[in-house]
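What follows is a predicted protein model with its sequence.
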Amino acid sequence: MSLKLHLGCGEVYLKGYVNIDYPPDQHTVMKTVADKIADIQTLRYKGESVDEVRLHHVFEHFPRAQAAALLASWHSWLKPGGIVHIEVPDFEATAKKALSPFTNERDRKVAMRHVFGSNEAAWAVHYDAWTKKRLEELLETFGFKVEEVSKTSYLATRNIAIIGSKASATPTREQLLKVAHKYLAGFLVDHGESEGRLLEVWIRDFEKQLNKSFSQ
């Protein structure tokens with residue numbers, strides 16, 4: 001039997017999926033239509049038991065190290081060839097809209113909101129700037145083959161969606177920590193002592209999320 005997960009569903013109900021979201025009292029304006037109430041950060045499914053993990057405008061709400069660990073965890077849940085489908089704000093296209101001298105002031109503000117989040121709650125913040133190149137790099141780093149990338153727009157917002165298939169066996173935790181170390185080190189400003197300590201913090205955050213959601 002197929003098991004497809006729609007994480008952070010909000011008010012969008014997808015038939016054929018288990019729609020999952022926060023409890024209603026933790027939403028600010030949305031009325032969730034979830035089949036299952038849960039915190040995405042603490043979800044864990046049996047290894048190689050899921051056919052698809054899908055989320056729209058949710059991934060950008062996680063800090064960089066945690067987002068990488070969540071993706072690694074979803075990889076562990078997926079069957080060989082299983083699909084991850086992620087949609088996020090397109091940072092490059094939205095930033096161009098915001099910075100263009102031809103953009104009116106209202107659209108400029110909407111574009112900036114799309115980059116940084118709606119800000120009405122602690123979770124309503126966007127932590128990272130996702131682009132086609134960065135999404136492809138992340139998926140390939142953590143064992144996916146990129147199958148499709150598409151872009152859409154709505155008023156002053158610009159979005160990007162990526163679909164990847166599980167292309168490698170689930171790695172061990174030790175292997176993942178090595179991969180994460182190399183990936184996250186790419187965001188260091190230099191090789192100084194303070195930056196080295198920062199990388200250690202990122203790795204701890206990555207491992208903390210793995211402890212909650214990784215299956216093997």
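Received the coordinates, thanks.

wait, what's in contact with the residue nearest the centre of the chain?
Nearest residue to the geometric centre of the chain (CA atoms, centre = their mean): Phe59, 2.6 Å. When contacts are counted by CB atoms under 8 Å, 6 or more residues apart in numbering, Phe59 touches Ala67, Leu70, Ile86, Glu87, Val88, Trp130. Glycine gets a C-beta too; all of them are placed from N, C-alpha and C.

if I look at it, how far off is Ala111?
Applying CB to CB, to the nearest Å, the value for Phe59 to Ala111 is 19 Å.

and if you look at Asp35?
Distance from Asp35 to Ala111, by CB to CB: 33 Å.

And Val84, by the same measure?
Taking CB to CB as the measure, Val84 falls 27 Å from Ala111.

What of Val179?
Val179 is 34 Å from Ala111, by CB to CB.

How about Val50?
To Ala111, Val50 is 35 Å away according to CB to CB.

contacting residues for Arg54?
By CB under 8 Å, 6+ apart, the contact set of Arg54 is Lys4, Leu5, His6, Leu7, Leu14, Tyr17, Ile83, Val84, His85, Ile86.

Just put these in JSON lines and tack on pLDDT.
Output for those, formatted as JSON lines (pLDDT from 0 to 100):
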{"residue": "Lys4", "pLDDT": "98"}
{"residue": "Leu5", "pLDDT": "98"}
{"residue": "His6", "pLDDT": "98"}
{"residue": "Leu7", "pLDDT": "98"}
{"residue": "Leu14", "pLDDT": "97"}
{"residue": "Tyr17", "pLDDT": "98"}
{"residue": "Ile83", "pLDDT": "98"}
{"residue": "Val84", "pLDDT": "98"}
{"residue": "His85", "pLDDT": "98"}
{"residue": "Ile86", "pLDDT": "98"}
